[in-house]
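Visitor: Below is the sequence, then the predicted model.
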Amino acid sequence: MCRAKVNFKQGFFILGSIVLPLTSACRINGGKLPDDALQTLLDSTDVELIQEIPLRFDTYHVQGLELTERFYFVTSVDTKQKRAWLFKIDKQNGHLHSKKDLTEGRLIHPGGLQFDGQVLWVPNAEYSRESRTMIYGIDPNNLNIRKSFKVDDHIGAIASDGKNILYGANWDAVYFYTWDFGGHQLKKVASPTSVAYQDIKYYAGKLLCSGHEDGQTILDIIDPETWSLVKRIDLPQDCWKTNLSREGMAFDGNLYFLPDDGPDSYILIFALR
């Protein structure tokens, strides 16, 4: 197992890896409010791997990860059958609870997703750059689509402020978009970095964006008011067969990553210290 220690240097973090035993259970964030949890992330000097959860079914080519109190939600592409999947997974045992086929013709690429307290926001795009996407608002209980709108670009990840603003990153996150919940585009801005973000989350007024650049595994904290980089975390990459930020990421006071495709994919949970 690996332990990642974070050293701060003027606006970004550097992480290394040392060996440690795995704890038997996940340490929850202690019921912190979102502002406090985000501040803990900003102030952390140590990140500890505390749990690995095996997913006991074929997750195909993983794209995004999100969680609620009882469930994980994973988006995935079955590249052989050309199908788009949303999986609902029991947090207690990693078993598949239910799934929804999101395939609509050439729309087979669901991306990074976020639950905003009401619906799961999921982009489902054609599997090509500068293509098209349907943005879905999905009921997390029955996986029915409650809202949808079209975007004329490939949106690879989406986040919600839980009020009336959605944030989306296109293929390799060259651009960020904002829309209202009705699908009306509000802004299109160039990314403040050159990182190819794979999953993004709106959290306490900031965007947590995970991705990769030149072999580095990265978690960036971006201010969506100014579209500036607040902090960077270079994630450990020597202990797993693929980069942690290769695909799915979530945050609730702990950090969650789902880097590997199925079969034999694991959700990796890190506590902040």
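Guide: Sure thing, it's come through. Nothing here was measured: the structure is a model prediction, and the numbers come from that model.

Visitor: Distance of residue 142 relative to residue 149?
Guide: Taken as Cβ to Cβ, to the nearest Å, the spacing of residue 142 relative to residue 149 amounts to 21 Å. For glycine as for every other residue, the C-beta is placed from the backbone atoms N, C-alpha and C.

Visitor: pLDDT weak spots in this protein?
Guide: For the chain, applying pLDDT under 70 flags the ranges 1-31, 45-46, 234, 236-241.

Visitor: Looking at residue 142 and residue 149 now, which is surrounded by more residues?
Guide: residue 149 (17 against 10; other Cβ atoms under 10 Å).

Visitor: What sits closest to the more buried one if chain neighbours are left out?
Guide: What sits nearest to residue 149 in space, not counting adjacent residues and going by Cβ to Cβ, 6 or more residues apart in numbering, is residue 183, at 2.8 Å.

Visitor: Look at that neighbour and tell me its secondary structure.
Guide: coil (DSSP: H, G, I helix; E, B strand; the rest coil).

Visitor: got it, and residue 39?
Guide: Applying three-state DSSP: residue 39 is helix.

Visitor: My guess is residue 269 contacts residue 255. True?
Guide: Yes - here residue 269 reaches residue 255: they are 7.3 Å apart, a contact under Cβ atoms under 8 Å.

Visitor: For the closest residue to residue 228 other than its chain neighbours, give me its contacts.
Guide: Nearest non-adjacent residue to residue 228, counting by Cβ to Cβ, 6+ apart: residue 192, 5.5 Å away. Contacts for residue 192 were tallied using Cβ atoms under 8 Å, 6 or more residues apart in numbering; they are 222, 227-229.

Visitor: For residue 192, what are phi and psi?
Guide: phi -70, psi -10 (degrees, to the nearest 10).

Visitor: what about the strands in the stretch 151-273 of the chain?
Guide: With strands called from DSSP state E, counting those that start in this stretch, the stretch 151-273 of the chain shows them at 155-160, 165-170, 175-180, 185-190, 196-203, 206-213, 216-223, 228-235, 248-251, 255-258, 266-272.

Visitor: quick one: the fourth one to strand 175-180, angle?
Guide: Right, strand 185-190. Strand 185-190 and strand 175-180 are oriented at 170 degrees to each other (axes from the mean of the first three to the mean of the last three Cα atoms, to 10 degrees).

Visitor: Sheet partners, orientation included, of strand 185-190?
Guide: Using DSSP bridges, the strands paired with strand 185-190 are strand 175-180 (antiparallel).
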